[in-house]
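*Asks:* Just the structure for this:
(one chain, ligands or ions: 1)
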Amino acid sequence: MSRIRARFWDPAGARYGVPTYPWRMAPPHLLTMRQLAAEGLRPGGQGVQAQVLWASRRYRARGGVRAAYLYDVRFALPKRTATPAQRAALAKANAARRTCPVCERDAGYVLPRHLGTCLDCAQEAAA
Ligand SMILES: [Zn+2]
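*Replies:* The predicted structure is shown next:
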């Protein structure tokens, strides 16, 4: 193992507080949030179980070290899908955001907050 990799090799978490692996060295049951999502899973209340650390020249803010947090797939739960009622509520809320209070039409886009009306009504008001 190279010296650079050894710097981030800490499976027991003695140095970093949580088990730490270099890039591409994490065991397969530890996944990032994105990797879990790709499998249709969510962390399910578990905290961060481990991290991957790697040096990045593009990320100087924290000493050039980037971190990816890992979750244990064994504690992961299936992603919740919205119930029909939840989906209906969301659709209603989104429709409200598109509906102009002046002309009461669905503008087809989310109304700009600073106008509070659809673009047509805003233009009319300005003229
Ligand atoms: Zn309008």
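
*Asks:* Mind checking what helix or strand follows the top helix by length along the chain in sequence?
*Replies:* For the chain, the longest helix by residue count, based on DSSP state H, is helix 84-98. Next in sequence after helix 84-98, counting helices and strands by DSSP states H and E, comes helix 119-126.

*Asks:* Return the set of buried residues in that following helix.
*Replies:* 121-122 (16 or more other CB atoms under 10 Å). Placement of C-beta: from N, CA and C, glycine included.

*Asks:* swap in stretch 12-30?
*Replies:* 18-22, 26, 30.

*Asks:* for stretch 110-118, same thing?
*Replies:* 111, 117-118.

*Asks:* same question, stretch 28-39
*Replies:* Neighbour-count burial for stretch 28-39 [16+ other CB under 10 Å]: 30-31, 36.

*Asks:* What parts of the chain come near the ion?
*Replies:* 100, 102-103, 117-118, 121 (CB under 5 Å from the ion).
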